[in-house]
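**Student:** Sequence and predicted structure, then a few things I'm wondering about:
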Amino acid sequence: MIADFNCATRLEQNSAHNGYSPIISHSLQVGSELYNGPELWAQKPENTQHLYDGIKADVFAAATTLFMLSIRMPPFRSARPTDPYYKRLAHKDKKYFWKIFEGFKIDTYFKDLFEKMTCLDPSQRISLDQVLQGKFL
């Protein structure tokens, strides 16, 4: 079991989402920088609240954890457009990202899963259910 409670937050009750809404509001960077999805780095006016989908952010963080457990090194420093490694992953053609790790034996299944879990647009990220059921190929 892996847990990071550095950015844990209480979810608001909402009948439309099984009793709780996954939409979270924050005004500052939360949690460990490496595990924050790109939506948490989006530009926002100073001193304003920023909304993000906590479930989609957790899928991104789980992908980063999976990568580190499998490859034994982080995939990037942070999911910001200025990070040279993440920039390659966020690009439409991912071959330049995987070229960084060509010395490691990484199969196509893992690459596909990781790319879909770290998708730049959180609305396009696969769900945790899809990950657990293997319904992403």
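**Tutor:** The structure has been received and is ready for your questions.
**Student:** what about Asn36, how many neighbours?
**Tutor:** 21 (other C-beta atoms under 10 Å). Any C-beta I mention is one placed from the backbone N, CA and C, and that applies to glycine too.
**Student:** That one contacts Ala57, correct?
**Tutor:** Yes. Contact criterion C-beta atoms under 8 Å: Asn36 and Ala57 qualify, at 7.2 Å.
**Student:** List the single closest residue to the residue positioned nearest the centre of the chain in space, sequence neighbours excluded.
**Tutor:** Geometric centre of the chain, nearest residue: Phe60, 1.8 Å, by C-alpha atoms, centre = their mean. Of all residues not flanking Phe60 in the chain, Gly37 sits nearest, at 3.6 Å (C-beta to C-beta, 6 or more residues apart in numbering).
**Student:** Angles on the backbone of Ser123, please.
**Tutor:** phi -70, psi -20 (degrees, to the nearest 10).
**Student:** Fine by me, we can end here.
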